[in-house]
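# Got a predicted model here, sequence first, then my questions.
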2 protein chains.
Amino acid sequence: MKAMTIGKLSKATGVGTETIRYYERNGFLPAPERLPSGYRVYSSDAAKRLKFIKEAQALGFTLSEISELFALTDDPGADCADVNARAAAKLTEIDEKIERLTRMRESLDRLSRYCPADEHPITECSIINHLYGKAGFDA
Amino acid sequence: MKAMTIGKLSKATGVGTETIRYYERNGFLPAPERLPSGYRVYSSDAAKRLKFIKEAQALGFTLSEISELFALTDDPGADCADVNARAAAKLTEIDEKIERLTRMRESLDRLSRYCPADEHPITECSIINHLYGKAGFDA
DNA sequence: CTTGACCCTGTAGTTACCTACAAGGTGTAG
DNA sequence: CTACACCTTGTAGGTAACTACAGGGTCAAG
């Protein structure tokens, strides 16, 4: 839980200082404490949160969806049933994403199996490409 | 393989006509045949491709990454080894996405297990929220 | 043979998410 | 006390991916 300024936080997370301030302005990151000088002071919680945001974005969640995820843990005005319902909805979303990725994975895997690692003339690959095009990347 | 105009394709896929033309302009969709009038004529392959694009986008792939995926099957100037290497790289990417989502899923699942479905006062949830905040959504 | 739903090109506007200044204050090493 | 790297706010610019016209041509039903 060591304190740090925005620059340290930026280096710790790989998220630019301008982006951190942007997140704060738009409510994706809580406003931190300030020094008398006005400098922002962050705890390592902020770093965790930033890392989570980056992860979730890479997985196809928008910033406002990510806010919803945080709302599950942050919202002080929600009761258990509410939190539970929202968690269940998010779980379903995530399960669907996993399922789709898995199907996409299988399509790609099928492609690599048809295509041996050693070099071949294009013609052979073309046949596979063709089959593959028909089979249809059916994600 | 029935032919259709852009409007039919749009209805069949849920992708707007403007978006379809945008994809074509930017090389994400091959230029289709044209009627003497200039009307675009699509086969059901185009519909497959559009659906795939939408799926992949929802899973966090950008349009240019999706182009790379298509390049695996479309590129006539690639040999088997090349195709195979690119397929393997994409497979790794997809595996990483699945892994991250799975970890995220576990965090969320842990949250729901701590939080029984029946209504509770906020206080109990707050404790869980707090714990959860510490445990840290560690995706 | 007109009406209305469709299509064309081209350009400009929108939203989400940053990213880059400008103009100036803060903190600390030498 | 002077560099110099850091911080502040505010505003403006940039990219990806659409989305919405304008101004006009096409086609099938009645």
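Arrived safely, thanks for sending. Numbers count the residues shown, from 1 in each chain, chains lettered A, B, ... in the order given.

# Next, the buried residues of stretch A:86-94.
Within stretch A:86-94, the residues that count as buried by 16 or more other Cβ atoms under 10 Å in any protein chain shown are A:R86, A:A87, A:K90, A:L91, A:E93, A:I94. C-beta coordinates here come from the backbone N, C-alpha and C atoms, glycine included.

# which one of those is nearest A:P30?
Taking Cβ to Cβ as the measure, A:P30 lies nearest A:R86 of the buried residues of stretch A:86-94, at 19.1 Å.

# excluding its backbone neighbours, what's nearest the closest one?
Nearest residue to A:R86 in three dimensions, chain neighbours excluded: A:L72, at 5.6 Å (Cβ to Cβ, 6 or more residues apart in numbering or on different chains).

# What's the separation between A:K2 and A:D82?
A:K2 sits at a distance of 34 Å from A:D82 (criterion: Cβ to Cβ, to the nearest Å).

# Hmm, A:L72 is touching A:N84, no?
No: at 9.2 Å, A:L72 and A:N84 do not qualify as touching, with contact defined as Cβ atoms under 8 Å.

# Around DNA strand D, pick out the residues from chain A.
A:T5, A:I6, A:G7, A:K8, A:S10, A:T17, A:E18, A:R21, A:R34, A:G38, A:Y39, A:R40 (Cβ under 7 Å from any atom of the strand).

# Give me the buried entries from these.
By 16+ other Cβ under 10 Å, the residues of chain A next to DNA strand D give A:I6, A:S10, A:R40 as buried.

# which residues touch the last one?
Right, the one you point to is A:R40. Contacts for A:R40 (Cβ atoms under 8 Å, 6 or more residues apart in numbering or on different chains) come out as A:T5, A:I6, A:P32, A:E33, A:R34.

# swap in A:R105?
B:L91, B:I94, B:D95, B:I98.

# at 6 Å instead, please
Going by Cβ atoms under 6 Å, 6 or more residues apart in numbering or on different chains, A:R105 touches B:I94.

# How about A:R25?
With Cβ under 6 Å, 6+ apart, A:R25 has no contacts at all.

# In the helix or strand hosting A:A56, which residues are buried?
Assigned by DSSP states H and E, A:A56 falls within helix A:44-58. Within helix A:44-58, the residues that count as buried by 16+ other Cβ under 10 Å are A:A46, A:A47, A:K48, A:R49, A:L50, A:K51, A:F52, A:I53, A:K54, A:E55, A:A56.

# pLDDT on the helix or strand following that helix, on average?
Using DSSP H and E, the helix or strand that follows helix A:44-58 in sequence is helix A:63-74. Mean pLDDT, helix A:63-74: 82.

# With stretch A:6-14 instead?
95.

# Mind checking which residue lies nearest the centre of chain A?
Most central in chain A under Cα atoms, centre = their mean is A:A56, positioned 1.6 Å from the mean C-alpha point.
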